[in-house]
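K.L.:
Build me a model:
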Amino acid sequence: MTTTALLNVLPPRGRDRLMEFARDVSFPEGTRIFEEGGHADRFWIIRTGSVNLDVQVRGERPATVEMLGHGDLLGWSWLVPPYTWRLGAEATSPVRAHEFDAIAVRALCEADPALGLAVTHRMLDVVARRLQATRMRLLDLYGPPNAHHMPVA
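P.N.:
As a prediction, the model looks like this:
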């Protein structure tokens, strides 16, 4: 997903209101932005740089499941109780991003149902893509040969 895709699905007034909550941040290469299981209290739109999403694998280093870059949305767990990160994230190059406070954005979405619905639909798209990317990566690492061709329930 790109910034344009996220912002273009929002009503113009809602997009402007959402961007009022944006704060510019940066992360040096190698920074752990969040850890799987940690408190999800914000999200980001990446402006420059790259971030790897990873999942903890018992007894091993975290497995990278997706690489994000310019325009991508980083973080969806802020929208779904209990608000804990489902994946981890690490900057693989210097990153600049717009950061959004989850509590403020959730309140904005509650106050503006049309905006809330548009944000929720976009987040569901992100969740579905990340779930598929995670599934494919874990099959690559641990599944039987040709596991990609197995039916999904």
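K.L.:
Check which helices and strands the helix ranked longest in the chain is in contact with.
P.N.:
Scanning the chain for the longest helix, with DSSP state H as the assignment, gives helix 113-142. Packing partners of helix 113-142 (3 or more C-beta pairs under 8 Å, 6 or more residues apart in numbering; DSSP states H and E): helix 12-19, strand 51-55, strand 63-68, helix 102-111. C-betas here are computed from N, CA, C, even on glycine.
K.L.:
Highest mean neighbour count out of the ones you listed?
P.N.:
strand 51-55 (a mean of 22; mean count of other C-beta atoms under 10 Å).
K.L.:
partners of it in the sheet?
P.N.:
strand 63-68 (antiparallel), strand 88-91 (antiparallel) (DSSP bridges).
K.L.:
List the neighbours of the last one that are in contact with it.
P.N.:
What it means is strand 88-91. 27-36, 49-56, 62, 74-75 (C-beta atoms under 8 Å, 6 or more residues apart in numbering).
K.L.:
sorry, back to before: out of the strands paired with strand 51-55, flag the one nearest Ala133.
P.N.:
For Ala133, the closest of those is strand 63-68, at 4.3 Å, according to C-beta to C-beta.
K.L.:
tell me the mean pLDDT over the closest one?
P.N.:
For strand 63-68, mean pLDDT is 89.
K.L.:
Tell me the gap between it and the middle of its chain.
P.N.:
11 Å (C-alpha atoms, centre = their mean, to the nearest Å).
K.L.:
so Asn52 touches Gly69, yeah?
P.N.:
No. With contact defined as C-beta atoms under 8 Å, Asn52 does not count as touching Gly69 (10.4 Å).
K.L.:
which secondary element of this protein has the worst mean pLDDT?
P.N.:
Within the chain, no helix or strand scores below helix 3-8, which has a mean of 59 by mean pLDDT, DSSP states H and E.
K.L.:
what angle sits between the longest helix of the chain and strand 51-55?
P.N.:
70 degrees (axes from the mean of the first three to the mean of the last three C-alpha atoms, to 10 degrees).
K.L.:
The closest residue to Ala104 other than its chain neighbours: neighbouring residues, count only.
P.N.:
Take Ala104 and drop its neighbours on the chain: the residue closest to it by C-beta to C-beta, 6 or more residues apart in numbering is Phe21, 5.2 Å away. Phe21 has 16 neighbours, counted by other C-beta atoms under 10 Å.
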